Structures are given as C-alpha cells and as structure tokens.
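Asker: sharing a sequence plus its predicted fold:
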Amino acid sequence: MSGFSELRTLAADIATQAGRFAAEKRLAGVEAIGTKSSVVDVVTQVDKDAEVLIAEFLRSHRPDDGLLGEEGLSEQGSSGVTWVVDPIDGTVNFLYGIPHYAVSIAAVEGTPEPGQWRVVAGAIYHPGLDELFTASLGEGASLGKAPLRVADPVPLEQALWLTGFAYSTSHREVQADLVKHLLPKVRDIRRMGTASLDLAAIAAGRGNIYFERTLSPWDHAAGELLVTEAGGAVSGVAGRPAGREGLLAGHPEMVAKFLAEIEAFGGDGELYANS
Ligand code: IPD
Ligand code: CA
Ligand code: CA
C-alpha cells in the first residue's frame, strides 16, 4: 500500500464511523446548541461529539499529524500531514432531519490552507445513502469500488449547476445577484446544502458544474481531490486560490466556460477585502 492509499483508508474508516455515529444520534432527535458566524449558522452537540471521535481516532493512528477541524480542532503536527475535518457537513440539513449531510476528511501536506496545501487523500461519507467517496493523489477517486469520472462538457444551457450560499447576509446579496444573472442561462441549479457532497456529485458526473463562494477549508479539501482525481478541474476566481473567495469544479471545459461567465458579469469581486 502506498503512503497515500493508507491515508485514504484511514480517512474512509473514520468518515464512515463518524457518519454512522451522527446518523444514530439523529434518530434520537437533535437541536441547535448555538450559532457561529451568524444567527443562521447553527451547531449541534453531535457536530462537536463527531469531531472529538474523529480526532481521537486520528491521534491514535497518526500521532505525529496535525489536525484542523470546523468545531475548534487545531493541532500542529510534526509529520508534515494535517487532517482537515468537517465532522458534519450540511448541519442545517442534519438539524431538520433532511438525510443529506456528510462527514468530510482530508489529509493534506504542507501549510493546511487552500492554495498552499497539497491534498493527498480524502473521504466523504454520506450516511443517508451509505455512500463512501474516496480519493488519493495519483490513484483515482471512487464511490465504493467504482471509479469516478466527471461528466462530459455540455453547452451552458444544459448545465446543472450545484451551488450553495453563505451564512452572511451581505455575501448572500452578492450571490443572489449572480444567481439572478445565471439561472436563466443554465439547465437549473441545485442547492442541496452540503458542499462536500456537491463536489462528490461533480466527481461522479451527477452535475455539470459546481461554483460556490465563502467556503471554509474543510468544506472542500476532500472534495477537490475527488474532482481532480475524477478527471475534473478545480479553480478559484480572479486568480485567487480555490476557496473562500470562490471555487469552481467540473470538467475542465465547463470550469473555463463558467469562469468566463462569472468574470463577464463581474461576479468575482473580492468578498473578504477588509478581513
Ligand atoms: C455548509 C454546507 C453548505 C455550504 C456552506 C457550508 P456546514 O457547511 O457545506 O452546503 O453552502 O457554505 O458552510 O456549516 O453545514 O458544515
Ligand atoms: Ca461544512
Ligand atoms: Ca460542519
């Protein structure tokens, strides 16, 4: 087993374990225990408990690695590998009992920041469908054992655009302007509520283009590797790293086409200029 496939197996094991843990807790009912960046950005006790479960597993298997997770996990390692963790991606769905949420785990080398990291392995587990997406650098992406391939390019009017919206009201206004402009030009949009699963869907050919802004590193670390290992491209906007200012994913031709549309509209202006 190469170094990366070992990391892929670990990511797959703990993503599955944590996803099943969350699904079981969901059966008993959950409630929001607080909010984060804004009043619409909720967190449940299960988000936090799942992150603890994942951290304990990774510490025991890979004691020298760093950890970075949405619910506060932040540990520097000495091995050069950092695990980037979203313990529940799609918390709003989780809260409402919509069975479309996931656990997303990636192993990255280098500084654990989009644009600086090298994602080497990842897993996204969807407990509602018992679907496990995994990838390792240079070794392909798969759903279970089936290899993944992005969809072939289509004309813009036949493109299914997967997207999502920010928790910040002012960012949503900017996003709404772009949707207003692009919605009449595409087949349709899907806002399914879980960025990692949107990226997994693109890798699996279940959509033509993904574009979203205001993502956090744990939303896209594993998913971006799935897409590139499935023959797709991942890009930022306005020459910035793919991440919080914007991330496009899809067949390379679709990414280029959609990026041109966004740029022509001016939908790539800096959102975080003053932060
Ligand atoms: C969110 C989901 C959503 C995306 C948001 C993310 P969370 O993650 O991935 O689809 O639109 O940008 O923050 O908060 O449920 O982990
Ligand atoms: Ca997330
Ligand atoms: Ca989350």
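Answerer: Structure received. Ligands and ions are numbered 1, 2, ... in the order given.
Asker: pretty sure D89 contacts A102?
Answerer: Yes: shown here, D89 and A102 form a contact pair, counting by CB atoms under 8 Å, at 4.9 Å. For every residue, glycine as well, the C-beta is placed using N, CA and C.
Asker: could you check which of the two has the larger neighbour count?
Answerer: A102 (34 against 29; other CB atoms under 10 Å).
Asker: gap between that one and V255?
Answerer: Distance, A102 to V255, using CB to CB, to the nearest Å: 23 Å.
Asker: repeat for E212
Answerer: In terms of CB to CB, E212 sits 13 Å off from V255.
Asker: just S216 next, same as before
Answerer: Distance from S216 to V255, by CB to CB: 21 Å.
Asker: settle it for me: which of those two has more neighbours?
Answerer: V255 (24 against 16).
Asker: so what's the more buried one up against?
Answerer: V255 sits next to I209, G232, A233, V234, S235, L248, A249 when contact means CB atoms under 8 Å, 6 or more residues apart in numbering.
Asker: dump the helix or strand in which it is found to PDB, restricted to CA.
Answerer: Per DSSP states H and E, V255 falls inside helix 252-265. Output in PDB follows, covering the C-alpha atoms of helix 252-265 (Å, rounded to 0.1, in the frame of the first residue of the first chain):
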ATOM      1  CA  PRO A 252     -12.000  21.400 -17.300                       C
ATOM      2  CA  GLU A 253     -14.000  22.800 -20.300                       C
ATOM      3  CA  MET A 254     -17.100  23.500 -18.000                       C
ATOM      4  CA  VAL A 255     -14.900  25.300 -15.500                       C
ATOM      5  CA  ALA A 256     -13.400  27.500 -18.100                       C
ATOM      6  CA  LYS A 257     -16.800  28.300 -19.600                       C
ATOM      7  CA  PHE A 258     -18.400  29.100 -16.300                       C
ATOM      8  CA  LEU A 259     -15.500  31.100 -15.100                       C
ATOM      9  CA  ALA A 260     -15.700  33.300 -18.200                       C
ATOM     10  CA  GLU A 261     -19.500  33.800 -17.500                       C
ATOM     11  CA  ILE A 262     -18.800  34.800 -13.900                       C
ATOM     12  CA  GLU A 263     -16.000  37.200 -14.900                       C
ATOM     13  CA  ALA A 264     -18.000  38.800 -17.700                       C
ATOM     14  CA  PHE A 265     -20.700  39.500 -15.100                       C
END
